[in-house]
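*Asks:* Dropping the sequence and predicted coords here.
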Amino acid sequence: MEPLLDVRQLTTDYVTYAGTVRAVDRVDLQVFPGELIGVVGTAASGKSTLAYSILNLVPPPGRIVGGEVWFEGQNLLTLPEKRLQQVRGSRIGLIVPDPRRHLNPLMRVGDQIAAVMRAHQRVGKATAQARARDLIATVGIPDPEWRMRSYPHELSGGMCQRIAIAMAVANNPNLILADEPTAGLDVTVQVQILDLLRDAARRQGSATMIVTRDLGIVAHYCQRVAVMHEGRIVEVADTRAFFADAGPIGQSLLRATMLARGETAAAPDSDTVASARR
Amino acid sequence: MANATANEPILRVERLDKHFPIAGSNLTVQAATDVSFTIGRGETLGLVGESGSGKTTVGRCLLRLTDPTAGRIVFAGQDITTLSGHALRRLRPRIQMVFQDPHDSLNPRHRIADIVAEPLRLAGMHDARERAARVGELLEMVQLRGFGDRFPHQLTGGQAQRVAIARAIATKPDLIVLDEPTSALDIAVRADIINLLMRLQREFGASYLFISHDLTAVRHIADRVAIMYLGQLMEIAPAHALFRNQLHPYGKALLSSVLYPDPTATPARFVLEGEIPSPIHVPPACPLHTRCPLARPECATIPIWLEELAPGHATACTRAIAESWTTVPDVEPVAAMVGD
């Protein structure tokens, strides 16, 4: 099968006064149409930077210094900004952790969803509003007519994440990048949000890349898993194969997750990298 | 650990209420209502529940960081609910706390050695040389030898949390309240901290109240587990029994939501409807009845109480008690509900 997303030798640096940190180091990764793939690793393994690099959205002092990101026949890293903006939010949806901080606090959530649609499609205000209301209903928020007029601060964290998912899928993207989509949510809400994300992607045939530290999410929602460590992808495997027989970094992540006894090889590394970053 | 439960518990909480008034109205945030439990010497009680369930408020009441609205807190046989001044200060060395975000709970302008020495000084260790020696020992115990001269901002999250733990154990307390001690940390560091806490408990025999929504960690560290929902205790049981079998629909919903890192384990999903209501408007009688798939009309009218249905395993579910459940049944098909 042709990959939907083909990342080749992608390299991203953070250039700071204390020195240069190579956050993403010559990463190759393919995402196929309709699949759910998990990218896992400890803190500072480069997994989030990878996601933002795919959209050419690395915040300064981060800088993409090499590689290619092929998506729907074009290399996103060489596209002019204007063309790239037609891809972001339209062909590729992004879901960030802590949605409340990323929604516009001064704008009603229904208007925010409508704005995403109107930025990329020729739709009138009324149509966009009506579709926004339908989307709010689809993501499982009761009373959508009333809720679409709410501001983010009036909604719970779980509801804000539902709104963020509605925004991410509003333009029927072929790929959804979800960075820790359930960080900070309670476990009962977490499964609701992940079910929703999976079902929304399935309905539209979108591929989804979930960036997470939580191997439980990978085990129950992803078909494949890519393990990152110190900026490199050290292992890519089918989920079942990974949990049956993971490589050394995968093993140490699993042990840490389960709080099993034994060496947690990743621990000192992530601590040192984190301190070098400060 | 388990055999300590036979003795007089180190802590007994009796019918604790904590309601925060809301300025400009007659409403209150009912953070804790009618909470009763005990913690044995050397025992770890896990306190779990969703955000807003009142776990942290209960922990803060035990340290008298906030004053309960009603109820009694008995620590080592002494009623500490209304202690103040000198008596309260004398109690402080015996109950300590570790907070969620270590960088927020360490004074950024103090060196690590001073941070760890402060509780010793307050507890009356006035000899500087003796204090320094003890600080050295404590830093060694948390694997931070040589970190005494540093400032908190020079530490990683995991190191800072180890400082907070060294400070908490400095006065050899009988009880340590651990409020989400690992949720701000990376998973690999989280494992280190949990194992450190367990090792220190084996060495010093302190009791822990381990407040967390990380159920894997709770399962690992706790002897018994109490589950809170909207300020009230729903279920309390030995950890191994609770993770095997629940006697309250909320316990079942909570534990069946945990995603274990094993793709072959697919527990029956037990889903609650909607989201947790506001603690300002707690539903009457059983607070879960608005979301519970097994609720009956009487769940909205009969006040709840905790009753032991299996050894050490108590539930606050009115139906479970009335029907003497041995487990929470799966959700009944809709057709069966019509006949009720």
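*Replies:* Yep, that arrived.
*Asks:* Backbone dihedrals for B:V282, please?
*Replies:* Here is the backbone geometry of B:V282 (degrees, to the nearest 10): phi -70, psi 130.
*Asks:* Sorry, slip of the keys, the one I care about is A:F32.
*Replies:* When read as degrees, to the nearest 10, the backbone of A:F32 gives phi -100, psi 160.
*Asks:* Now that B:H19 has come up, it's in contact with B:L27, right?
*Replies:* No: the criterion here is Cβ atoms under 8 Å, and B:H19 misses it with B:L27 at 9.6 Å. Where you see a C-beta, it was placed from the backbone N, CA and C, and this is true even at glycine.
*Asks:* Mind checking which of these two has more residues around it?
*Replies:* Set B:H19 next to B:L27 and count neighbours by other Cβ atoms under 10 Å in any protein chain shown: B:H19 wins out with 18 against 14.
*Asks:* ok, and the closest non-adjacent residue to the more buried one?
*Replies:* B:T28 (4.0 Å; Cβ to Cβ, 6 or more residues apart in numbering or on different chains).
*Asks:* How confident was the prediction at the one you found?
*Replies:* Note for B:T28: predicted pLDDT of 92.
*Asks:* Kindly report the same for A:R277.
*Replies:* At A:R277, pLDDT is 40.
*Asks:* which residues in chain A form helices?
*Replies:* For chain A, applying DSSP state H gives helices covering A:47-54, A:81-87, A:99-102, A:109-120, A:125-138, A:144-147, A:157-169, A:187-204, A:215-221, A:239-244, A:248-258, A:266-277.
*Asks:* In JSON lines: the ones you listed, plus distance to A:I233 and mean neighbour count.
*Replies:* As requested, the helices of chain A are exported to JSON lines (distance: least, Cβ to Cβ, whole Å; neighbours: other Cβ atoms under 10 Å in any protein chain shown):
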{"stretch": "helix A:47-54", "distance to A:I233": "8", "mean neighbour count": "25"}
{"stretch": "helix A:81-87", "distance to A:I233": "23", "mean neighbour count": "12"}
{"stretch": "helix A:99-102", "distance to A:I233": "27", "mean neighbour count": "16"}
{"stretch": "helix A:109-120", "distance to A:I233": "31", "mean neighbour count": "21"}
{"stretch": "helix A:125-138", "distance to A:I233": "34", "mean neighbour count": "17"}
{"stretch": "helix A:144-147", "distance to A:I233": "40", "mean neighbour count": "15"}
{"stretch": "helix A:157-169", "distance to A:I233": "24", "mean neighbour count": "25"}
{"stretch": "helix A:187-204", "distance to A:I233": "22", "mean neighbour count": "19"}
{"stretch": "helix A:215-221", "distance to A:I233": "14", "mean neighbour count": "24"}
{"stretch": "helix A:239-244", "distance to A:I233": "13", "mean neighbour count": "17"}
{"stretch": "helix A:248-258", "distance to A:I233": "10", "mean neighbour count": "21"}
{"stretch": "helix A:266-277", "distance to A:I233": "15", "mean neighbour count": "18"}
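*Asks:* Check those for me: which has the lowest mean pLDDT.
*Replies:* helix A:266-277 (a mean of 40).
*Asks:* I'd like to know how far the residue of the stretch 151-278 of chain A found nearest chain B sits from B:F147.
*Replies:* Chain B sits closest to A:G216 of the stretch 151-278 of chain A, with a gap of 3.0 Å, by Cβ to the nearest Cβ. A:G216 sits at a distance of 33 Å from B:F147 (criterion: Cβ to Cβ, to the nearest Å).
*Asks:* Likewise for A:P152?
*Replies:* A:P152 is 41 Å from B:F147, by Cβ to Cβ.
*Asks:* What of A:S53?
*Replies:* Separation of A:S53 from B:F147 (Cβ to Cβ): 35 Å.
*Asks:* B:A300 now?
*Replies:* Distance of B:A300 to B:F147, computed by Cβ to Cβ: 55 Å.
*Asks:* list the contacts for residue 120?
*Replies:* As the question left the chain open, I've gone with chain A. A:H120 is in contact with A:Q86, A:G89, A:S90, A:N171, counting by Cβ atoms under 8 Å, 6 or more residues apart in numbering or on different chains.
*Asks:* looking at chain B here, not the other one
*Replies:* Residues counted as contacts of B:L120 (Cβ under 8 Å, 6+ apart) are B:R131, B:R134, B:V135, B:A170, B:T171.
*Asks:* Report the central residue of chain B.
*Replies:* The C-alpha lying nearest the average C-alpha coordinate of chain B belongs to B:I211 (Cα atoms, centre = their mean; 2.7 Å).
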